[in-house]
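Trainee: I'd like to go over a predicted model; first the sequence, then the structure.
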Amino acid sequence: MMPATLVGLDSLTARLPELREQYRAAQPFPHIVLDGVLVPEAFTRAAAEFPPIGDAFWKGYLHVNETKYGNTQPDTWGETLAAVAKEFVSPDFVAFLEELTGISDLLPDWSMDGGGLHQTLRGGHLNIHADFTTHHINENWSRRVNILLYLNDEWHEEWGGQLELWDTAMTAAQAKVQPAGNRMLVFTTSDDSFHGHPDALTCPEDVARRSMALYYFTEGARPVRKATNYRARPDETGLKRAAIALDRTAVDLYDRAKRKAGISDDQVSGVLERINKFRRPKG
């Protein structure tokens, strides 16, 4: 039988005064790491239900700046995973996020625009970036808060995959978050909240870096649209820096096409997956 409550919201709410201070004081931008967010039985069940690496519903985000897979269809998820996501969009959890972040009138996004379940395989990466700023369907929605819940049964530090949080000038990572199971990162999104895990994962072939991502928005009259803004690190020079910049431009063009011409991620992911097969190192 599934636990009545999957998220330990009562204990989080009881700690709000201290959590709120930690969140707002965090560098390089407001964020907090919360461990044990799901009750233990719920985490065990959710991790067990996480779709296998070869599941048919994964779609690839495979280009220069990232190589990961997403599933934005909660109706294809296991019962516990879907129920956890529903608790994360519930009025009580949204109210907790508003108190934590100081951002009022947050709107949860059940359409999972860019969110949902994510997995990154051995050799995969996600270059440092600031997220796209407006919803692709509700274009008067500005993206304000991200939550990332890690769903790994185990994750060894030597496998890499720590999420790096970089300063606005892109001089250095100011914080790193190990993707430990049942750990949640909450952070305020802006056009310079740079983050990512840019180095190739070294986990075993049958292991993936696994997470659930949900994004929260506020409604405004004329939000400024910006596509995902990938940035090079100081030691990424020459051809690599040029490739990151060129791919960033391509992502911006795709973002515009997605909004204006109705091009879907599903249409593009199949093409990217075929291209990526030719890019993968042999052996």
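Mentor: Okay, I see it. It should be emphasised that the depicted structure is a prediction, and the values quoted were computed from it without experimental measurement.
Trainee: Would you mind listing the buried residues in the one helix or strand Gln174 maps to?
Mentor: Using DSSP states H and E, Gln174 falls within strand 173-177. Using 16 or more other Cβ atoms under 10 Å as the test for burial, strand 173-177 gives Ala173, Ala175, Val177. In short, each C-beta sits where N, CA and C put it, glycine included.
Trainee: Go through the residues you listed and name the one nearest Phe29.
Mentor: Of all the buried residues of strand 173-177, Phe29 sits closest to Ala175, with 9.4 Å by Cβ to Cβ.
Trainee: For that closest one, give me the pLDDT.
Mentor: Note on Ala175: pLDDT of 98.
Trainee: now swap in the one 10 residues further on and tell me
Mentor: Leu185 carries a pLDDT value of 98.
Trainee: Regarding it, what is its secondary structure?
Mentor: Under DSSP: H, G, I helix; E, B strand; the rest coil, Leu185 falls in the strand class.
Trainee: so how far is Ala227 from it?
Mentor: Look at Leu185 and Ala227: by Cβ to Cβ, to the nearest Å, they are 22 Å apart.
Trainee: cool, and Asp199?
Mentor: Asp199 sits 23 Å away from Ala227, going by Cβ to Cβ.
Trainee: same question, His197
Mentor: 20 Å.
Trainee: Are we agreed that Arg233 is in a helix?
Mentor: No - read with three-state DSSP, Arg233 is coil and lies in no helix.
Trainee: wait, isn't it in contact with Asp167?
Mentor: No - using Cβ atoms under 8 Å, Arg233 is not in contact with Asp167; the gap is 11.6 Å.
Trainee: Of the two, which one has the most company?
Mentor: Between Arg233 and Asp167, Arg233 has the larger neighbour count (other Cβ atoms under 10 Å), namely 21 against 15.
Trainee: Show the contacting residues for that one.
Mentor: Residues in contact with Arg233 (Cβ atoms under 8 Å, 6 or more residues apart in numbering) are Ile128, Trp166, Met170, Pro198.
Trainee: how near is it to Arg122?
Mentor: From Arg233 to Arg122 the distance is 21 Å (Cβ to Cβ).
Trainee: Same check on Met212?
Mentor: Distance of Met212 to Arg122, given as Cβ to Cβ: 21 Å.
Trainee: ok, these two, which is more surrounded?
Mentor: More crowded of Met212 and Arg122, by other Cβ under 10 Å: Met212, with 24 against 16.
Trainee: what's whichever helix or strand that one is part of packed up against?
Mentor: For Met212, the host element (DSSP H and E) is strand 209-219. Applying 3 or more Cβ pairs under 8 Å, 6 or more residues apart in numbering; DSSP states H and E, one finds that strand 209-219 contacts helix 79-88, strand 107-108, strand 116-120, strand 141-150.
Trainee: Out of those, which is closest to Met1?
Mentor: Closest among these, once you apply Cβ to Cβ, is helix 79-88, at 11.2 Å.
Trainee: after that closest one comes which helix or strand?
Mentor: Taking DSSP H and E, what comes next after helix 79-88 is helix 91-101.
Trainee: related to what we said a few turns ago, show me what the following helix or strand past the strand holding Met212 is packed against.
Mentor: The helix or strand immediately downstream of strand 209-219 is strand 229-230, counting by DSSP H and E. Using 3+ Cβ pairs under 8 Å, 6+ apart, the elements in contact with strand 229-230 are strand 126-130, helix 238-260.
Trainee: Swap in 10 Å and give it another go.
Mentor: When contacts are defined as 3 or more Cβ pairs under 10 Å, 6 or more residues apart in numbering; DSSP states H and E, strand 229-230 sits against strand 126-130, strand 194-197, helix 238-260.
Trainee: which residues touch that strand?
Mentor: Defining contact as Cβ atoms under 10 Å, 6 or more residues apart in numbering, one finds that strand 229-230 is touched by 63-66, 126-133, 191-192, 194, 196, 198, 244-245, 247-249, 251-252.
Trainee: and these, which are buried?
Mentor: Counted by 16+ other Cβ under 10 Å, those give 63-66, 126-133, 194, 196, 198, 244, 247-248, 251-252 as buried.
Trainee: hang on, the earlier thing: now the strand holding Met212, how far from the chain's geometric center?
Mentor: 6 Å (Cα atoms, centre = their mean, to the nearest Å).
Trainee: Please identify the buried residues of that strand?
Mentor: Arg209, Arg210, Ser211, Met212, Ala213, Leu214, Tyr215, Tyr216, Phe217, Thr218.
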